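quick one: sequence plus predicted model below, questions after.
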Amino acid sequence: MKYITTIGDKEFQVEILDDNRVALDGQVYEVDFATISRQPVFSLLVDGKSYEAYIYEGDDGWEVLLQGTRYPVQVVDEREHRLRAAFGRGAVQSGDFHLKAPMPGMVVAVPVAEGQAVEEGDVLLILESMKMQNELKSPRAGTVSRVRVTTGDNVERGQTLLSVV
């Protein structure tokens with residue numbers, strides 16, 4: 001499984017290869033990671049070097065204290081990262097917004113119609129991919145100006161599904 005980990009303004013791609021190997025931006029490391037006494041204290045061995053980290057869930061992600069430095073950390077899986085990039089984060093607040101398919105899949109439902117007013121967070125389309133249904137929501141209020149797909153359509157990653165003005 002691949003994860004996108006954000007620490008500050010830096011993004012890292014983490015892939016868990018097996019119980020003892022992790023790839024960080026393509027570089028493979030031998031690791032051993034264990035909790036100490038069921039506390040938020042973890043023992044971490046990376047390529048034979050020992051570290052102790054305090055890891056706990058905060059209000060806005062994870063907090064990691066390692067070697068005296070506190071790091072706010074965001075972790076999302078690869079799929080969630082694509083979904084956020086496609087329509088959730090950083091969407092324009094004016095002008096046209098084009099909802100693009102974050103992954104290949106099949107359109108299960110289009111609960112909006114051209115000319116319909118939508119609010120931020122309203123479901124614009126439901127896309128099924130890898131046997132999971134994903135609700136694609138509007139990042140802002142507006143009016144649906146064009147719907148380019150219908151229920152049952154198969155779509156490719158990056159294909160424009162509909163537009164909101």
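Perfect, thanks for sending it.

who's in contact with the helix or strand bottoming out on mean pLDDT in the chain?
Lowest by mean pLDDT, DSSP states H and E among the helices and strands of the chain is helix 78-83, with a mean of 75. Residues lying outside helix 78-83 but in contact with it, judged by CB atoms under 8 Å, 6 or more residues apart in numbering, are 1, 2, 3, 4, 102, 103, 134, 136, 157. The C-beta positions use only the backbone N, C-alpha and C, and glycine is treated the same way.

go on, stretch 130-145?
Contacts of stretch 130-145 (CB under 8 Å, 6+ apart): 83, 86-89, 91-93, 96-97, 99, 102-103, 105, 108, 112-128, 161-165.

hmm, which of those are the buried ones?
83, 86-87, 97, 99, 102-103, 105, 108, 112, 118, 122, 124-127, 161-164 (16 or more other CB atoms under 10 Å).

filter the residues you listed down to just the ones in strands.
Those of these mapping onto strands are 97, 99, 105, 108, 118, 124-127, 161-164, per DSSP state E.

turn those into a markdown table, columns for distance to residue 67.
Compiled in a markdown table, those are given as follows (distance: CB to CB, whole Å):
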| residue | distance to residue 67 |
| --- | --- |
| 97 | 43 |
| 99 | 43 |
| 105 | 43 |
| 108 | 48 |
| 118 | 47 |
| 124 | 45 |
| 125 | 46 |
| 126 | 45 |
| 127 | 43 |
| 161 | 46 |
| 162 | 48 |
| 163 | 49 |
| 164 | 46 |
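
hmm, back to that, mind listing what's buried in the least confident helix or strand of the chain?
For helix 78-83, using 16+ other CB under 10 Å, the buried residues are 79, 81, 82, 83.

how much space separates the second one from residue 38?
When CB to CB, to the nearest Å is the yardstick, residue 81 and residue 38 sit 31 Å from each other.

the domain parsing of the chain - what is it?
If you go by automatic domain parsing, the domain ranges for the chain are 2-77, 91-164.

so which of the ones you listed is the most surrounded?
Mean neighbour count, computed with mean count of other CB atoms under 10 Å, is highest for domain 91-164 among the domains of the chain, reaching a mean of 16.

quick check: mean pLDDT across that domain?
Computed over domain 91-164, the mean pLDDT rounds to 87.

same check on stretch 10-19?
92.

hey, C-alpha coordinates of that stretch in PDB?
Extracted C-alpha coordinates of stretch 10-19, given in PDB (Å, rounded to 0.1, in the frame of the first residue of the first chain):
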ATOM      1  CA  LYS A  10       7.400  18.500   2.000                       C
ATOM      2  CA  GLU A  11       5.600  15.500   0.500                       C
ATOM      3  CA  PHE A  12       7.000  11.900   0.700                       C
ATOM      4  CA  GLN A  13       5.700   8.800  -1.000                       C
ATOM      5  CA  VAL A  14       5.800   5.800   1.500                       C
ATOM      6  CA  GLU A  15       5.200   2.300   0.400                       C
ATOM      7  CA  ILE A  16       5.000  -0.600   2.900                       C
ATOM      8  CA  LEU A  17       6.600  -3.500   1.100                       C
ATOM      9  CA  ASP A  18       6.300  -6.100   3.900                       C
ATOM     10  CA  ASP A  19       6.600  -6.300   7.700                       C
END
